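Student: sequence and predicted structure are below.
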Amino acid sequence: MTTSPTGLFLTFEGPEGAGKSTQIRLLAARLEVARLEAARLKFGGAAHLLTREPGGTPTGDRLRELVLDSRSRVSAMTEFLIYSASRAQLVHEVVRPALERGQVVVCDRYVDSSYAYQGYGRGLDMAQLRAVSEAATGGLTPNLTILLDLDPALGLKRAARVNTPDRIEAAGLEFHGRVRQGFLALAAAEPGRFLLLDAAQPEDALAERIWQAVQALLTPDSTR
Ligand code: TYD
């Protein structure tokens, strides 16, 4: 698989309620400060870009509604293909162009969510998922994937405090347990790409650890 063209591609992954949104917000604030010190930094100058899956484009947002709607009746393969269609459009329309402009792109979920939710969670064949994902993304792989790991019992409780469960959140604790194990297996298989963090630790400590890892990729003498 190819890596990003010239910018830096960062993804956040994890089960429900792991605090991705909060950490993405904190990272974005630090990236903005770093941008103001542009001269020192390899990727300084261009603003970072935040996006999410499913969604992130007008077409992707329509697909997002479809796949998360509790009234949708979709097979596991249909579910995967909808996520993949949203991803293909996002990579084409947003992520690749931004990376080509040299931007730092931060994406809330990416292919690893499909492997964890539709592969480990729903039980779809991983080789098939990988082949389709490769085609959907043109093989675009993140430079760094931050995995916020959390017990799904805790995560689902946290998520339910924020909104009513969507179709995926409502899939049950056993399903979400498999998803979590899936994420851990993916991280173990690619330790060079993943930063695995315990999401139960305090927000500030998590943010600091994430910033250390991102900063190492931003500094000119880093090897990546
Ligand atoms: P979202 O509201 O964005 O949840 P979160 O804040 O946890 O990211 O909804 C996205 C849901 O879609 C989430 O339950 C994970 C699921 N999902 C998949 O099942 N497969 C995928 O490929 C992606 C990107 C997300």
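Tutor: Structure's in. What do you need?
Student: please count neighbours and contacts with C-alpha atoms only from this point.
Tutor: Will do.
Student: just how off-centre is the worst-scoring helix or strand of the chain on mean pLDDT within its chain?
Tutor: Lowest by mean pLDDT, DSSP states H and E among the helices and strands of the chain is helix 152-162, with a mean of 89. Taking C-alpha atoms, centre = their mean, to the nearest Å, one finds the center of helix 152-162 at 19 Å from the center of the full chain.
Student: report the buried residues of the helix or strand following it.
Tutor: Sequence-wise, the next helix or strand downstream of helix 152-162 (DSSP states H and E) is helix 173-189. Within helix 173-189, the residues that count as buried by 16 or more other C-alpha atoms under 10 Å are Phe175, His176, Gly177, Arg178, Val179, Arg180, Gln181, Gly182, Phe183, Leu184, Leu186, Ala187.
Student: run through the helices of this protein in chain order.
Tutor: 20-36, 58-68, 76-90, 96-100, 111-113, 126-137, 152-162, 173-189, 203-218 (DSSP state H).
Student: which residues does the closest residue to the ligand within the chain contact?
Tutor: At 3.4 Å from the ligand, Ser114 is the closest residue in the chain, using C-alpha to the nearest ligand atom. Applying C-alpha atoms under 8 Å, 6 or more residues apart in numbering, we find Ser114 in contact with Phe80, Tyr83, Leu129.
Student: repeat that with 10 Å
Tutor: Counting by C-alpha atoms under 10 Å, 6 or more residues apart in numbering, Ser114 makes contact with 79-81, 83-84, 120-122, 124, 126, 129-130, 133, 179.
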